[in-house]
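1. the sequence and its predicted three-dimensional model are supplied below.
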Amino acid sequence: MCCLSIECQIFIKKIIMKTLKDMTFFERFEADILCGKKVITIRDESESHYQVGSVVDVSTFETGRYFCQLRILSVEPIAFSSLDEDHAKQENMTLPELKSVIQNIYPGIERLFVITYERLA
Ligand SMILES: CC(=O)Nc1cc[nH]c(=O)n1
């Protein structure tokens, strides 16, 4: 039995549902996403829950500033060691840059997910 009031439970559920539908990016990626140069994002398992076809509100990680909506096109598992030039191109980076960025964000994580998206607004 939950000791929280029903209003509190509903409030928490709304926050969780909103969080699951949102996606954040570091500010340094914003311009590339908006101009269509960055069309994938590579995330760890904790951010692999996005539903194909769903629309997510996108904001900056640093300040939570909203900047666009994306439609999720695919979510595919990928090993860090399998990242290749094609992924780098879709991230608008060189492969060494991409590997360095991902290693900094997810140190030591081999099991990752490639999320492909299209920008809506
Ligand atoms: C905030 C955050 O984790 N941003 C990331 C992580 C991985 N790839 C990416 O494009 N953005």
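-> That came through fine. Numbers count the residues shown, from 1 in each chain.
2. which SS class is residue 96?
-> At residue 96 the chain is in helix, as set by DSSP: H, G, I helix; E, B strand; the rest coil.
3. what about it, how many residues close to it?
-> By other C-beta atoms under 10 Å, the residues close to residue 96 number 9. C-beta here means a position set from N, CA and C on the backbone, and glycine is covered the same way.
4. next, the buried residues of stretch 79-89.
-> By neighbour count on 16 or more other C-beta atoms under 10 Å, the buried set for stretch 79-89 is 80, 83, 87-88.
5. which other helices and strands contact the helix ranked longest in the chain?
-> Assignment by DSSP state H gives helix 6-21 as the longest helix of the chain. Of the remaining helices and strands, none touches helix 6-21 by 3 or more C-beta pairs under 8 Å, 6 or more residues apart in numbering; DSSP states H and E.
6. which parts of the protein sit against the ligand?
-> Listed as neighbours of the ligand in the chain under the rule C-beta under 6 Å from any ligand atom: 24-26, 29, 41-43, 61, 105.
7. that older thread, residues in contact with the longest helix of the chain: which ones?
-> 2, 4, 49, 54, 56-57 (C-beta atoms under 8 Å, 6 or more residues apart in numbering).
8. name the element the one residue sitting closest to the centre of the chain belongs to?
-> For the chain, the residue nearest the mean C-alpha position is residue 23 (5.1 Å; C-alpha atoms, centre = their mean). For residue 23, the element it lies in under DSSP states H and E is strand 22-25.
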